[in-house]
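Novice: Sequence below, structure please.
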Amino acid sequence: MTAGMKKDGTKKKLLVTASTFPRWEGDTEPRFVLDLSEALLEYFDVTVLVPAAPGAKETEVQNGVNVIRYHYFPVHKWETLCYPGAIVPRIREKKIRVLLVPFLFLSLYFHLFRLLPDYDVVHAHWLIPQGMVQSFFKKPYIVTGHGADVTSLNKGIFRTLKIRCLKHAAHITVVSDHLKNEVLKLYQTENIDVISMGCKTENFGKQYRVPDYFGQGEKKVVLFVGRLAEKKGVAYLIEAMKQIDAMLVVVGDGPLRDSLESQAKELGDRVQFLGAKTHEELKTIYASADVFAAPSVTAKDGDQEGFGLVMLEAMASGLPVAASNSGGISDLIHDGENGLLTRERDPGDIAEKINRILKDDPLRESLIRQSEKMAEQYSYRTLAGRYAAVIEKRRDC
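Specialist: This next block holds a predicted model:
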């Protein structure tokens, strides 16, 4: 029987739960849950359940995927826990938002209670809160760990609820080998696979390059794309730029933006902050740069990079990558083959690796060829097939 099909020939109904999702067409929020859900339509009848956000529709269809957004606070304009960004960074940015957490948990519980009878299986993205809440229902589910949901908040009640989530899951997936090791520190199991998120490689490529797009003139462009938060390590990249004859373009927003802009003032117009950009804008931004930098670090609370999808998009765009050997990055970047790895929190090493890429033409071309090959391995069609196989092989799914 084909994966995802019932005995009567109809598709199984898959409910996907997540807390990061595009709020509307052209949103700058990460879209990997939407892209994977769209690819899973080949196997399942897919509905996504995500938190509501001011200005977003309560129900809609995005790229063929049914989307339901649940409200979790009586005053809807105060539903600011999940967007833009992610739950933990949103709380760090404004600590009073922690008061919204129990409302989110309870609302998700009651919406699942109402919806689950209509679905055959659940795919819960993130252990917190989706996996934790799902563990209180008998409906079979797989849970995917993405990063901070695995590596942080591992004490007290959160640790207990995480272990419960992992124990009751029909299957566990994580996006990197690093996260698999972290999960196994919490709960020993053989019921786990590494399946990363992916990239719509057809949406990126050198053909979108626009000369002098950033007004850089003859200068080369170093590009960073991501949330401006501690674990992204942008402060070390800005420091490294003192040793690099190039322009740095920073795409993204977050709690550290003001401090990073202040740090960059001494470099003048050699550093540009563009803010958050849509995925349509990003394909030109990637292709118009010369090297991609991912200077990620281990945050004070233990949070690390889970995988780094922006690197995959950069690679699909024909950009060579210099990235920290941090978290799950080494699953994607193989030092000297399809990119160069740097030490964490080491501006000198970051500068040395970026300069090598910019000045060594044969090395740069070799890295580009290998990175483009690597990106092709992460198409969502391929990954959706792997997820469908995981769901199908579990008897209780």
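
Novice: In terms of pLDDT, where does the residue positioned nearest the centre of the chain sit?
Specialist: Among the residues of the chain, the smallest C-alpha distance to the mean C-alpha position (C-alpha atoms, centre = their mean) belongs to Leu309, namely 5.7 Å. pLDDT for Leu309: 85.

Novice: contacting residues around Leu179?
Specialist: By C-beta atoms under 8 Å, 6 or more residues apart in numbering, the contact list for Leu179 reads Gly145, His146, Gly147, Val150, Thr151, Val194, Gly306, Gly327, Gly328. From N, CA and C alone the C-beta is placed, and that goes for glycine too.

Novice: What about Arg164, how many residues nearby?
Specialist: A count of neighbours around Arg164, defined by other C-beta atoms under 10 Å, yields 16.

Novice: and it, what pLDDT?
Specialist: 97.

Novice: My read is that it contacts Gly131, right?
Specialist: No: with contact defined as C-beta atoms under 8 Å, Arg164 and Gly131 do not form a contacting pair (9.1 Å).

Novice: Let's have the contacts of Leu179 in a markdown table, adding secondary structure and pLDDT.
Specialist: Below are these laid out as a markdown table (DSSP: H, G, I helix; E, B strand; the rest coil; pLDDT from 0 to 100):
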| residue | secondary structure | pLDDT |
| --- | --- | --- |
| Gly145 | strand | 96 |
| His146 | coil | 92 |
| Gly147 | coil | 88 |
| Val150 | helix | 92 |
| Thr151 | helix | 88 |
| Val194 | strand | 94 |
| Gly306 | coil | 74 |
| Gly327 | coil | 84 |
| Gly328 | coil | 83 |
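
Novice: now those as CSV including neighbour count and distance to Asp45?
Specialist: Supplementary listing: the contacts of Leu179 in CSV, determined by neighbours: other C-beta atoms under 10 Å; distance: C-beta to C-beta, whole Å:
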residue, neighbour count, distance to Asp45
Gly145, 29, 25
His146, 26, 24
Gly147, 25, 29
Val150, 30, 29
Thr151, 23, 33
Val194, 15, 27
Gly306, 26, 28
Gly327, 24, 34
Gly328, 26, 31
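
Novice: and stretch 58-67, which residues are buried?
Specialist: Going by neighbour count (16 or more other C-beta atoms under 10 Å), the buried part of stretch 58-67 is Gln62, Val65, Asn66, Val67.

Novice: same thing with stretch 290-309?
Specialist: 290-299, 303-309.

Novice: In strands, which of those residues appear?
Specialist: In strands, judged by DSSP state E, the following of these are found: Val291, Phe292, Ala293, Ala294.

Novice: hang on, the second one packs against Leu312?
Specialist: No: because the distance of 10.4 Å does not satisfy C-beta under 8 Å, Phe292 is recorded as not touching Leu312.

Novice: Among the buried residues of stretch 58-67, name the ones in helices.
Specialist: With helices identified by DSSP state H, none of the entries of those belong to them.

Novice: Please name the residues that touch Cys82.
Specialist: Cys82 is in contact with Ser19, Thr20, Val50, Pro51, Ala53, Arg90, Leu104, counting by C-beta under 8 Å, 6+ apart.

Novice: what about the helices in this protein?
Specialist: Counting by DSSP H, the helices of the chain are 32-40, 87-93, 101-115, 132-134, 148-151, 156-168, 177-186, 234-240, 257-264, 279-287, 309-316, 347-359, 361-376, 380-393.

Novice: for the first one, packing partners?
Specialist: Using 3 or more C-beta pairs under 8 Å, 6 or more residues apart in numbering; DSSP states H and E as the contact criterion, the neighbours of helix 32-40 among helices and strands are strand 13-17, strand 45-51, strand 65-70, helix 380-393.

Novice: and the shortest one, what other elements does it pack with?
Specialist: Spelled out, that is strand 13-17. The criterion is 3+ C-beta pairs under 8 Å, 6+ apart, and the helices and strands that strand 13-17 contacts are helix 32-40, strand 45-51, helix 101-115, strand 121-125.

Novice: Determine the number of other residues adjacent to Gly26.
Specialist: 10.

Novice: One more: the one 3 residues further on?
Specialist: Glu29 is surrounded by 20 other residues when neighbours are defined as other C-beta under 10 Å.

Novice: Was I right to think it contacts Pro22?
Specialist: Yes: in this structure Glu29 lies within contact range of Pro22 using C-beta under 8 Å: 5.1 Å.

Novice: Between the helices and strands packed on strand 13-17, which one is closest to Phe158.
Specialist: helix 101-115 (10.7 Å; C-beta to C-beta).

Novice: Now tell me what touches the closest one from outside.
Specialist: Outside of helix 101-115, the residues within contact range by C-beta under 8 Å, 6+ apart are 15, 17, 49, 51, 68, 70-73, 81-82, 87, 91, 129-130, 132-134, 136-137.

Novice: give me that answer again for 6 Å
Specialist: Tyr70, Tyr72, Phe73, Leu81, Pro129, Val133 (C-beta atoms under 6 Å, 6 or more residues apart in numbering).

Novice: what's the answer for stretch 331-350, then?
Specialist: If you take C-beta under 6 Å, 6+ apart as the criterion, stretch 331-350 is touched by 176-177, 236, 239-240, 295, 297, 311, 321-326, 353, 367, 370-371, 374.

Novice: Redo the contacts of Leu179 as JSON lines? Include distance to Asp258.
Specialist: Shown next, in JSON lines, are those (distance: C-beta to C-beta, whole Å):
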{"residue": "Gly145", "distance to Asp258": "31"}
{"residue": "His146", "distance to Asp258": "27"}
{"residue": "Gly147", "distance to Asp258": "24"}
{"residue": "Val150", "distance to Asp258": "29"}
{"residue": "Thr151", "distance to Asp258": "26"}
{"residue": "Val194", "distance to Asp258": "37"}
{"residue": "Gly306", "distance to Asp258": "26"}
{"residue": "Gly327", "distance to Asp258": "26"}
{"residue": "Gly328", "distance to Asp258": "29"}
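
Novice: from those residues, which single one is nearest Leu383?
Specialist: Taking C-beta to C-beta as the measure, Val194 is the one of the contacts of Leu179 closest to Leu383, at 11.4 Å.
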